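> sequence and predicted structure are below.
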Amino acid sequence: MAWKSKTRNLQVVDTELSADTVEWCPVPSGHDILACGTYQLQKAKTGEDDAPQSRTGRLYLFEFRREGSVRPPLTQLQHINTAAILDLKWCHVPFPGGAVLGVAAATGELQLHTLSDSQEGGRRLHPLCSVEVGAERLALSLDWSTGRMESSDVRLVASDSAGCISVVSLAEGSLATLSHWKAHDFEAWISAFSYWDTQLVYSGGDDCKLRGWDLRAAPSCPTFTSKRHSMGVCSIHSSPHREHILATGSYDEQVLLWDGRNMRQPLSETPVGGGVWRLKWHPTDPHLLLAACMHNDFHILHCQQALEGGGGASRVVASYTLHNSLAYGADWSQLALEEPAPCSPVAAEPKESLAESGGHLRIQYESPTTSFDTSMEDDSGRYIPEGIAAPPVTTTAGTALHPNADAQSASYVLASCSFYDHMLHVWRWDWTPDHTALKPDRC
């Protein structure tokens, strides 16, 4: 039998400016906190064609709280008007002052903010420090060295529009640049640490090259250069679960999985139908990979077969298709759902039309390998047409979401954002896996 997979929208937020990056806080005390960054290119006024274009942005902070089926779960705690934001990521470990959020800004800066209680009550972001990665350039991406929850020697790596990579240390509340070098001929869209050996750094650029760097050696000489992607490389994520495993994505619409010990040939190649702007491994399940696919929505890949030597493309086990613009930002929450979603009853004609009930869009389709069901709640918090309210969410710190080998179903909370329609979506994914079908074939 094929597995069953359903995505359900929980809330949609208009960010007003184009949304391009979203991140749930990984620190246990902040699992209910969501940050979203925006980017807006301001056109020059009429008659000022020679004037430089300005890039503005806004940093949003939200709290996720499920209190019954009527109230929307996401509450805005704060917004900060900033320069345009290209990327943001939370440090995986807390600091004495609280969780720390890193921002890659269009001013060419890395900016850090701490999350802490405010005098007015509630949690807010407070500026901590910043450092410029270079003049007349945009900071395009950042990553923390703490992906395996290790807090010693905290560093950041950043890429920029001049094709350069910077490695920065954070100590005693200040940032210091440790190294900076030219890595790519054009924009360096993405940079990332190996979470298992943080002296190793990866980068991807608009020159179609994926490169590795050893910080113990001269950074101007890469440890490898791969041209396996046929277009610009814009997403890299090291697996926090399995040593040597790396996922990369590109404008060529392919997701590649690699063993870092052999960068000549990927373990697998999966076409996803859109440029892969972001990839995120699940925080606890080693086989699940979330992909933001620009012109082709958001997809969840199950990578067990490729990771265990089975070869072939990874299976798409879920798709979220309710955005109407470029799929840019996406992330997994570590919030735990208190109970799995109830089984849907046999489909029946609703007693009233969607227009009469104030309902929203519902999309359902099938593929040869699995069933998908994408639905939205009505204004009363009921799903169409089941009429079943979503279960409450607990924000107990550190609760794992992944199923074990005997699990019958699993439920996850995710967030995604899209660019030109400036929308942030929070949604849940309910999945009943067929473990037999997911196991790789053995000779």
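Arrived safely, thanks for sending.

> list the buried ones in stretch 4-20?
Buried residues in stretch 4-20, counted by 16 or more other CB atoms under 10 Å: 4-13, 15, 17-20. (C-beta placed from N, C-alpha, C; glycine too.)

> pLDDT-wise, what's the bottom of those residues?
For those, the weakest pLDDT value sits at residue 4, with 86.

> name the nearest residue to that residue, sequence neighbours excluded.
Spatially, and ignoring its direct neighbours in sequence, residue 4 is nearest to residue 432 (4.4 Å; CB to CB, 6 or more residues apart in numbering).

> residues contacting that neighbour?
Neighbour list for residue 432: 3, 4, 5, 408, 409, 410 [criterion: CB atoms under 8 Å, 6 or more residues apart in numbering].

> and the furthest pair within the buried residues of stretch 4-20?
4 and 17 (37.1 Å; CB to CB).

> sorry, back to before: tell me which of the contacts of residue 432 is nearest to residue 192?
Among those, and counting by CB to CB, the member closest to residue 192 is residue 410, at 26.7 Å.

> is the closest one bridged to anything, and to what?
Residue 410 has the following beta-bridge partners by DSSP bridges: residue 431.

> roughly how far does it sit from residue 285?
To residue 285, residue 410 is 8 Å away according to CB to CB, to the nearest Å.

> and residue 273, how far is that from residue 299?
Distance, residue 273 to residue 299, by CB to CB: 8 Å.

> next, show the common contact partners of these two.
Among the neighbours of residue 273, those also in contact with residue 299 (CB under 8 Å, 6+ apart) are residue 293.

> which one of the two is surrounded by more residues?
Comparing residue 273 with residue 299 by other CB atoms under 10 Å, the one with more neighbours is residue 299, at 25 against 14.

> would you say that one is within a strand?
Yes. Under DSSP: H, G, I helix; E, B strand; the rest coil, residue 299 sits within a strand.

> tell me who's in contact with it.
Neighbours of residue 299 in contact, by CB under 8 Å, 6+ apart: 272, 290, 291, 293, 316, 318, 319, 320.

> try residue 41
Residue 41 makes contacts with 53, 54, 55, 84, as judged by CB under 8 Å, 6+ apart.

> tell me the predicted confidence for it.
As predicted, residue 41 sits at a pLDDT of 92.

> neighbours of residue 185, how many?
If we define neighbours as other CB under 10 Å, then residue 185 has 12 of them.

> before we move on, which element is the nearest residue to residue 79 once chain neighbours are set aside in?
Once flanking residues are discounted, residue 79 sits nearest to residue 60: 5.0 Å by CB to CB, 6+ apart. Assignment of secondary structure by DSSP states H and E places residue 60 within strand 54-64.

> give me the helices and strands touching that strand, please.
strand 33-38, strand 40-42, strand 74-83, strand 85-90, strand 123-132 (3 or more CB pairs under 8 Å, 6 or more residues apart in numbering; DSSP states H and E).

> rebuild those as a markdown table, extending it with distance to residue 190.
A markdown table is the format used below for these (distance: least, CB to CB, whole Å):
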| stretch | distance to residue 190 |
| --- | --- |
| strand 33-38 | 16 |
| strand 40-42 | 20 |
| strand 74-83 | 20 |
| strand 85-90 | 9 |
| strand 123-132 | 19 |
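
> residue 149 and residue 92 touch, don't they?
Yes. Under the criterion of CB atoms under 8 Å, residue 149 makes contact with residue 92 at 5.4 Å.

> these two - which one has more neighbours?
Neighbour count, other CB under 10 Å: between residue 149 and residue 92, residue 92 has more, with 22 against 12.

> number of residues surrounding the closest residue to residue 236 other than its chain neighbours?
With sequence-adjacent residues excluded and distances taken as CB to CB, 6+ apart, residue 236 is closest to residue 192, at 4.2 Å. Look at residue 192: counted by other CB under 10 Å, it has 25 neighbours.

> is residue 192 in contact with residue 159, as I believe?
No. Contact criterion CB under 8 Å: residue 192 and residue 159 do not qualify, at 9.1 Å.

> mind checking how far residue 105 is from residue 64?
Residue 105 sits 25 Å away from residue 64, going by CB to CB.
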